[in-house]
Structure formats: C-alpha cells, structure tokens
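Novice: fold the following, please.
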Amino acid sequence: MRTKWVASLAAVMLSSTSLFSLHAEAALPTVQYTVNGKSVQVSTSSIAEEQHLYLPIRDVANLTEKYVDWDEASRTVFLTDKPKLTGKYTLQQPDLAKGIKFGLGSSLVHIPGDPDNIFYSTGDRGPNGEVEVDGKTRRTFPLPDYTPTLYKIQLEQGQIKILETIPLKLSGKDSVTSSSKITGLPNIKSRDEIPYDAAAKQLLSYDPYGLDTEGLAYNPQDDTFWISDEYGPYLVQVMRDGTLLQRLAPKGIGAELKSPELPLKEVLPAVYLDRRQNRGAEAVSITPDGKWMFMAMQSPLRNPDKSVDNSRTLRILKIELATLKPVAEYAYLSEDAGKFKDLKQSDIVISDLYALDEHTLLIDERDKNAGDKAQLKRIYATDLSNATNILGQYDSSSLHGGKTLEQLSSAELQQAGIKSPVKRTVLDAVEFGYPHEKIEGISLVNGRTLVIVNDNDFGVNDPDSKENGTDLWTFELPYELK
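Specialist: Next up, the predicted model:
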C-alpha cells in the first residue's frame, strides 16, 4: 500500500535542481533517478498526473539523505539533515576482577567552559548479574563493596582517558561500609531486588544509601551535579567532590527509607513508587540557565500492575530547581514495536536525555539488541511546547474515565486530548553501525557536536565479547541545535 505521505517531486526539484537528474517519458512505465550522477532506487513507483510527478516523502528523504519523521497527532512531516560521524574513542582500562570489565558510560555531561573534549560520566551501581536458583532468578553482586563513581574523562587520540576518579560518599558514615563511601546495593527489602553474592547463595546487606547511578546533570547555578537513581526512583544532588547533599524521593517512601546521613525530600509524585524494578529513573538533565530539571523513566510505570509493561507511554517530569518541586509531567510516546521485526514493546526504552531549554529535549530511545540485531538506536529532538501537562491527572484509575496513563492506548491519549511531545530524528546510530546495545550517555557541545557513549554493564554476561567494551562516538550536526 502506498504511503499516505505524498509530495510533488517537481516542487522539490525547483529548490534542489543540482541534486536530481530526471528522465521520463509519458509512455514509459518506470522513472529513473540519479543523485550526483549516480543511479538510485526508490521503494515505491512514482505517479504521473497532470504533468506532475509524485513520489512518497520517504523516498524523497532517502534521495536527499535526510531523516523523515511523521507525527500523527499534529499531522506534521519532519525532514532533518543527517549528521556526520567525526570521531571514535575507546576506553582501555584493566579489568576490575576476573570476568568483570571496567565500566562507565551510564551518563555523559559536558560542563560549559571546559574544553570541548572533557566530559563527566558515571559508572552504574557496580557489577551485577542474574543467576537461576530453583527456578527463580536472583540478583547477584560479585563486587558488593564497589563504590558508584563519577569520572572526569578526556577524549584524545582515539582513547577515553580518565583524568579524575570521584567516588560517591556521605559527609558521615555509610551503615554498610562503615566509612564515608557508599555502595551500589539496594536500599529497601520491601521494594528492591534481593541482593546475593556472586554464587547467588549468600544474602548481602541492604544499603539505605546505595545508588543505582544512571543519568547525570550539571547545575551551573550552584556548581553541583544531580544523579538519577533507579532505586526509588530518586534524584540525588552531589558536590563536585562526590559528597551527597540531598535526595528527592516519591511521596510516601519516607516511612520505609531510613537514611539520616542524607536529607530526604518527598516531592516526587507518589505514583513513581510503582516503577518497574531495574527500569526506574534512567535520565536527568538541567537546562543551561539552571532553572529547570527534567527526569525520564526508562520504562512504563507498573500502574496499576505489570499488565501495562507493553505500554508505549513513558513519563517525563519537569522540576523547578528553585523550589525542587515538579511543575509538569509529559506522556512521551515511544516508537511502535510493530514497525520493527520481532521486537517487544517493553524492550523499547528511554536511556538518556539532554535539555536544550525548557521546551526542547534530546531523547535517547533504543531497543534491547546489539550489533546486527539492533533496529532502534535513535536520538530525537523532542518538542514539549504544545505537549499536555498531565501532572497528577492520570495516576489513578479512579480519575478520567477509569484508566491510568499507562493503560491508555495512543488513540485513547488523543481522544482524551493528551498531546504527547513531538519528536524528530537527529541521529539514527544503527545506520552508522553502532555496535552496542546500550547508548546510555548523550551530550551536546557548542550546539553542533553530538556525543554518545555506551554502558557495558561491566561485561558480566560475556566479558570476552567485543560488544562489551566502552566506546564514545562524536557526530557533527549540519545545523545548530538551540
């Protein structure tokens, strides 16, 4: 069936005559196309009508080497110039232990004023895996004393060089380590995964100060970092030396979480307590003016339960930094898994975000595959300007027609008048052969250099695989993102 997007190629030729050479005769059933003198193929036959030649817009985009996106709700077609790959950098560090690789790349942030090749990143909660015991999956921590860490890194001569290692710590003592350093162990027995040793036999201690570090943001107003933590989920403020200052948490968790060494502010919506384990607050970013902080959930909340794991709706929260209170929430629609081959909807996630301003975000959306099996590794420019603020409105099935936000289909969202953020592709990493599953850090330098890095999960599943290294790639955009 022909696509509904149809454009007049004649109109395109008027503005881009140097790109196309067209040979057609009314009696011929086919049309040939060349770009810069080279013959190219299109996926759909052209239509000739009243001395005009019509071609699906996706073919026009392919001929002009542009990304094309279609927003159904606003009936808008977006054509975007593709970026150029400008650099590849690899981390070379000794293994942490036998079968455990060194890892960073859960996040990426560039601080204004630093050299263009200097960034900060986090190293996740530490090595962890899954072991089947008596038919049940147990979460293992082979290095339970691992300290979640910030890294200052430099890109130089094809390598990621670590300039500074900044362990996360308390101003007082952690109850597990008996020192200022924290661990990456789960916080609460009633809510988090049960931690086991490497053999999945011995129970480990819970750590009320443990962090599952994912996103990283920098606030120029007070020279501090903010980390998004999948436990909870939480947002944690951190000094440049790694000292934890305070933790923002969902309302209602204070009755269970006892952490006197780290001030707790229950300001996030209570519904975020329904996060799926290991699919929590994956991303955080702060606008360049230091006024707004955005947090994105990796997957749908289990609201009301895991029956909505295949929902396309992921939540993005906007927080005013002056008051540390949420002011808006948006229903972000992930890509439809039905457009891809053998891909589950629950395997499409948000992995990072970057705030250009209070209305525009770069969103890192990906599937769970790597290498040749990867289908979705995209960075979208996402416009919040006309998106509906649904803060507090669809958290319970008792509101707005008996369904939670996660229970509403995309059609039902439109029927309810909920406008999702509009997105367009600025990078499709699959087209460039990016080898890794988890692009988890994205950043932007000077509005034109897009930078991505992967989280290798410490290579615990297959430490000898080339896909378990840490690689950072840079791309030059043919336009400036502001």
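
Novice: give the helix, strand or coil label for N62.
Specialist: For N62, the assignment made with DSSP: H, G, I helix; E, B strand; the rest coil gives helix.

Novice: low pLDDT regions in the stretch 251-400 of the chain?
Specialist: The model of the stretch 251-400 of the chain has pLDDT under 70 over residues 400.

Novice: and the strands in it?
Specialist: Using DSSP state E, counting those that start in this stretch, the strands of the stretch 251-400 of the chain run over 264-268, 281-286, 292-297, 313-320, 325-333, 349-357, 360-366, 377-383.

Novice: possible to save those as CSV with mean neighbour count and distance to L150?
Specialist: C-betas here are computed from N, CA, C, even on glycine. Below are those laid out as CSV (neighbours: other CB atoms under 10 Å; distance: least, CB to CB, whole Å):
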stretch, mean neighbour count, distance to L150
strand 264-268, 18, 21
strand 281-286, 26, 14
strand 292-297, 25, 18
strand 313-320, 22, 21
strand 325-333, 20, 25
strand 349-357, 23, 16
strand 360-366, 25, 20
strand 377-383, 23, 23
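
Novice: for those, which one sits closest to Q51?
Specialist: Nearest to Q51 among these is strand 377-383 (37.0 Å), distances taken as CB to CB.

Novice: partner strands of the closest one and their direction?
Specialist: Using DSSP bridges, the strands paired with strand 377-383 are strand 360-366 (antiparallel), strand 422-428 (antiparallel).

Novice: span of stretch 299-306 from start to end?
Specialist: 11 Å (CA to CA, to the nearest Å).

Novice: S39 is nearest to which of the strands paired with strand 377-383?
Specialist: S39 sits nearest to strand 422-428 of all these, at 23.9 Å, using CB to CB.

Novice: compute the inter-axis angle for that closest one and strand 325-333.
Specialist: Interaxial angle, strand 422-428 versus strand 325-333 (axes from the mean of the first three to the mean of the last three CA atoms, to 10 degrees): 70 degrees.

Novice: give the next helix or strand downstream of strand 422-428.
Specialist: Counting by DSSP states H and E, the element after strand 422-428 in chain order, helix or strand, is strand 439-445.

Novice: picking that back up, dump the strands paired with strand 377-383 to TSV, plus distance to F458.
Specialist: As requested, the strands paired with strand 377-383 are arranged in TSV below (distance: least, CB to CB, whole Å):
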stretch	distance to F458
strand 360-366	19
strand 422-428	26
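
Novice: what about P112, how many residues nearby?
Specialist: For P112, the neighbour count with other CB atoms under 10 Å is 9.

Novice: mean confidence for the helix or strand harbouring I452?
Specialist: Assigned by DSSP H and E, I452 falls within strand 449-454. Mean pLDDT, strand 449-454: 98.

Novice: sheet partners, orientation included, of whichever helix or strand comes after that strand?
Specialist: Beyond strand 449-454 on the C-terminal side, the first helix or strand identified by DSSP H and E is strand 471-476. Partners of strand 471-476 in the sheet, by DSSP bridges, are strand 84-91 (antiparallel), strand 449-454 (antiparallel).

Novice: return the most buried member of those strands.
Specialist: Highest mean neighbour count among these (mean count of other CB atoms under 10 Å): strand 449-454, with a mean of 25.

Novice: now the angle from that strand to strand 349-357?
Specialist: Orientation check (the same axes, to 10 degrees): strand 449-454 against strand 349-357 gives 150 degrees.

Novice: and the angle from strand 449-454 to strand 439-445?
Specialist: Counting by the same axes, to 10 degrees, strand 449-454 lies at 160 degrees to strand 439-445.

Novice: contacting residues around strand 449-454?
Specialist: Here strand 449-454 makes contact (CB atoms under 8 Å, 6 or more residues apart in numbering) with 83, 86, 104-105, 108, 110, 116, 119, 121, 160, 362, 364, 379, 426-427, 429, 434, 436-445, 470-477.

Novice: so which of the strands paired with strand 377-383 is nearest K482?
Specialist: Ranking these by proximity to K482 (CB to CB) places strand 360-366 first, at 8.1 Å.

Novice: need phi/psi at H52.
Specialist: Dihedral pair for H52: phi -120, psi 150, per degrees, to the nearest 10.
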